[in-house]
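Participant: Mind looking at a prediction? Sequence and model below.
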Amino acid sequence: SRGVSLNQGPRALTAMVLCCCLCGRAPLNTRIVGGQAAPLGSWPWQVSMHKQGSHVCGGSLVNNQWVLTAAHCFSRSNLGDWVLYLGRQNQIGNNPNEVSRTLSRIILHPDFSSDGLDNDIALVQLSSPVSFTDYIQPVCLALSGSTFYNSTMVWVTGWGNINYQVPLPSPGTLLEVQIFVVGNRQCSCIYEAVTNISITDNMICAGLMAGGKGSCQGDSGGPLVVKQGSVWIQAGIVSFGVKCTKPGFPGVYTRVSRYESWIDSIITSNAPGFVTYTSSGTDSDNSVTCMAATRAPTITAPSPYVCGQAPLNNGSSSSDLAAEGAWPWQVSLQRGGVHVCGGSLISRSVVMSAADCFNSSQINSSEWTAVLGRLKQNGSNPFQVSLGVSGVTLSNLTGSNIALLRLATAVTLTNYVRPVCVDLNKPAVSSGSQCWVTGWGSGQGGAGQVLRQLQTTAVSCGNISSADNICTSAVDLRIIHFCMDV
């Protein structure tokens, strides 16, 4: 029943014991370390969520049939796409203590924002209950009213990248890292000074201000936990950040204690265990005042994914045919269902392309469709999204070959659809820089007309005006010399 008090030293834990078993127990967790492989069984509530055979997100077991995770992990997902692994240690190789389950329900928070930041929480129901072992246990959840003061020590676990665009090496062992809570006032000062992101009361921040430790791509949905006495309590859910562990930017997590009522409304039997965590002392975050600063150019980060990230591109391919998801900002601009030009997604609602693609005297935006997440011009594209175009704007600068297309609706970002960063500095690319060119050159890419990728080198433009152009060596998609407006 609610209101059971567990004496845990100098402060009491108000617990809600509504399930048949105790939560937050990790019998095999005998030591705590940070930034290295987790000992087997240390985090028995950790879940690996696989979509179409690949790990994409983490989660936490909260009772014998429900897993807590992040809403942004799901984008037009079918139940049949998912398999969840519990008791897993390595992504590659044998895991004798693991069990797997498919899903019977995916429930996103009803107020999960369209920009993918606020209320980033979801519950998924396993196809059948799991039995608890030393390697599979539920975590306790932070009760409403829990307090996590600045510098509270917490842990985050997952199988995500070990650094920005650096994947977890084989055999893909579960990692644990010890970090510290960054108060919401301080976190707001940091993010609002240089981005358009607001840190709300539904979020909790954690990390090291020096960077180097925290969550990264693939950790999304996983647990941020704190220990009180012998009980582990989940304080947050991995949500978003800036280039993983970029110095000065703590990671942002969904604050679990804000969702007690919603979780209760979904899990109506064998309810999870909720425990109040109360920080001792005073919160230094209360005295934080944002320093006046010149606001940097707004970073369009309308989802947990910042620009320029391609998690499915490991950079090791030597083929001139792109792999699925390698260039998630690539757009196929089509008219009448036929590919006409390429483009690049630069925000959730804007595509950049060349003005040459359009007849400037009469542009009918309704004739155009932007196809994102596409690999082949012929054949199946399971991850593609087609959106209408509501407007086309051509640069009015003499000699500029740039067009901006406004999408009719903002696209949902996935591993296959993400924006590229736009470098506003000049010169953006110097002679000798290594670059990549992608596109569906006419007649190229085999029978499937697969997206092509070619590495090239920036060279001097010679007699061509270089102020608004980048020139490269002769390796474009038709193996000819070309220049690009910038």
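Facilitator: Good, I have the coordinates.

Participant: what are the ranges of the helices in the stretch 251-400 of the chain?
Facilitator: With DSSP state H, counting those that start in this stretch applied, the stretch 251-400 of the chain shows helices at 260-266, listed in chain order.

Participant: pLDDT below threshold where in it?
Facilitator: For the stretch 251-400 of the chain, residues meeting the criterion pLDDT under 70 lie at 291-306, 314-318, 359-362, 395-400.

Participant: cutoff 50 now
Facilitator: Applying pLDDT under 50 to the stretch 251-400 of the chain flags the ranges 292-305, 397-398.

Participant: can you count the residues close to the nearest residue to residue 139 once chain neighbours are set aside?
Facilitator: Spatially, and ignoring its direct neighbours in sequence, residue 139 is nearest to residue 45 (3.8 Å; C-beta to C-beta, 6 or more residues apart in numbering). Yep, even glycine has a C-beta here, placed from its N, CA and C like the rest. Neighbour count for residue 45, taken as other C-beta atoms under 10 Å: 26.

Participant: Contacts only, for residue 45.
Facilitator: 60-62, 137-139, 223, 232, 234 (C-beta atoms under 8 Å, 6 or more residues apart in numbering).

Participant: What residues does residue 180 make contact with?
Facilitator: Residue 180 neighbours (C-beta under 8 Å, 6+ apart): 151-154, 206-208.

Participant: quick one: pLDDT of it?
Facilitator: Note on residue 180: pLDDT of 92.

Participant: ok, now residue 51?
Facilitator: 91.

Participant: Check residue 6 too.
Facilitator: Reported pLDDT for residue 6: 28.

Participant: My guess is residue 258 contacts residue 184. True?
Facilitator: No: with contact defined as C-beta atoms under 8 Å, residue 258 and residue 184 do not form a contacting pair (11.8 Å).

Participant: shared neighbours of the two, which are they?
Facilitator: By C-beta under 8 Å, 6+ apart, the residues touching both residue 258 and residue 184 are residue 201.

Participant: Would you map the strands across the stretch 1-150 of the chain?
Facilitator: Under the criterion DSSP state E, counting those that start in this stretch, the stretch 1-150 of the chain contains strands at 4-8, 11-16, 36-37, 46-51, 54-61, 66-69, 82-86, 99-101, 103-108, 122-126, 140-142.

Participant: Nearest to residue 322 among these would be which one?
Facilitator: strand 54-61 (17.2 Å; C-beta to C-beta).

Participant: In its sheet, which strands sit next to that closest one, and in what direction?
Facilitator: strand 46-51 (antiparallel), strand 66-69 (antiparallel) (DSSP bridges).

Participant: Most tightly packed of the ones you listed?
Facilitator: strand 66-69 (a mean of 26; mean count of other C-beta atoms under 10 Å).

Participant: Please tabulate the strands of the stretch 1-150 of the chain in JSON lines, including the columns distance to residue 22.
Facilitator: Formatted as JSON lines, the strands of the stretch 1-150 of the chain follow (distance: least, C-beta to C-beta, whole Å):
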{"stretch": "strand 4-8", "distance to residue 22": "10"}
{"stretch": "strand 11-16", "distance to residue 22": "9"}
{"stretch": "strand 36-37", "distance to residue 22": "27"}
{"stretch": "strand 46-51", "distance to residue 22": "18"}
{"stretch": "strand 54-61", "distance to residue 22": "13"}
{"stretch": "strand 66-69", "distance to residue 22": "16"}
{"stretch": "strand 82-86", "distance to residue 22": "18"}
{"stretch": "strand 99-101", "distance to residue 22": "20"}
{"stretch": "strand 103-108", "distance to residue 22": "25"}
{"stretch": "strand 122-126", "distance to residue 22": "20"}
{"stretch": "strand 140-142", "distance to residue 22": "8"}
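
Participant: what's the lengthiest helix in the chain packed up against?
Facilitator: Using DSSP state H to define each element, the chain has its longest helix at helix 184-194. Identification of packing neighbours for helix 184-194 by 3 or more C-beta pairs under 8 Å, 6 or more residues apart in numbering; DSSP states H and E yields strand 203-207.

Participant: and the strand it packs on, what's its mean pLDDT?
Facilitator: pLDDT averaged over strand 203-207 gives 94.

Participant: List the buried residues of it.
Facilitator: 203-207 (16 or more other C-beta atoms under 10 Å).

Participant: can you check stretch 341-358 too?
Facilitator: Those would be 341-355, 357-358, for stretch 341-358 by 16+ other C-beta under 10 Å.

Participant: And stretch 379-390, by the same measure?
Facilitator: So for stretch 379-390, counting by 16+ other C-beta under 10 Å, buried means 381, 383, 385, 387, 389.

Participant: Pairing partners for the last one in the sheet, please.
Facilitator: With DSSP bridges applied, residue 389 shows beta-bridge pairing to residue 407.

Participant: does it really touch residue 409, like I thought?
Facilitator: No: with contacts counted by C-beta under 8 Å, residue 389 stays clear of residue 409, the gap being 10.6 Å.

Participant: Now do residue 98 against residue 365, distance only.
Facilitator: 51 Å (C-beta to C-beta, to the nearest Å).

Participant: With residue 381 instead?
Facilitator: For residue 381, the distance to residue 365 - C-beta to C-beta - is 23 Å.

Participant: likewise residue 342?
Facilitator: Taken as C-beta to C-beta, the span from residue 342 to residue 365 is 18 Å.

Participant: With residue 408 instead?
Facilitator: From residue 408 over to residue 365 (counting by C-beta to C-beta), the distance is 9 Å.

Participant: Overlap in contacts, those two.
Facilitator: Common neighbours of residue 408 and residue 365 (C-beta under 8 Å, 6+ apart) are 389-390.

Participant: For the closest residue to residue 82 other than its chain neighbours, which residues are in contact?
Facilitator: Nearest residue to residue 82, sequence neighbours excluded (C-beta to C-beta, 6+ apart): residue 103, at 4.9 Å. Residues near residue 103 by C-beta under 8 Å, 6+ apart: 79, 82, 84, 124-127.

Participant: ditto for residue 453
Facilitator: For residue 453, counting by C-beta under 8 Å, 6+ apart, the contacting residues are 317, 319-322, 326-327, 436-438.

Participant: what is the mean pLDDT for stretch 67-80?
Facilitator: Per-residue pLDDT over stretch 67-80 has a mean of 88.

Participant: list the buried ones in it?
Facilitator: Buried, per 16+ other C-beta under 10 Å, within stretch 67-80: 67-75.

Participant: got it, and stretch 313-333?
Facilitator: Neighbour count says stretch 313-333 has 313, 321-322, 324-333 buried, by 16+ other C-beta under 10 Å.

Participant: how far out from the middle of the chain is that stretch?
Facilitator: 18 Å (C-alpha atoms, centre = their mean, to the nearest Å).
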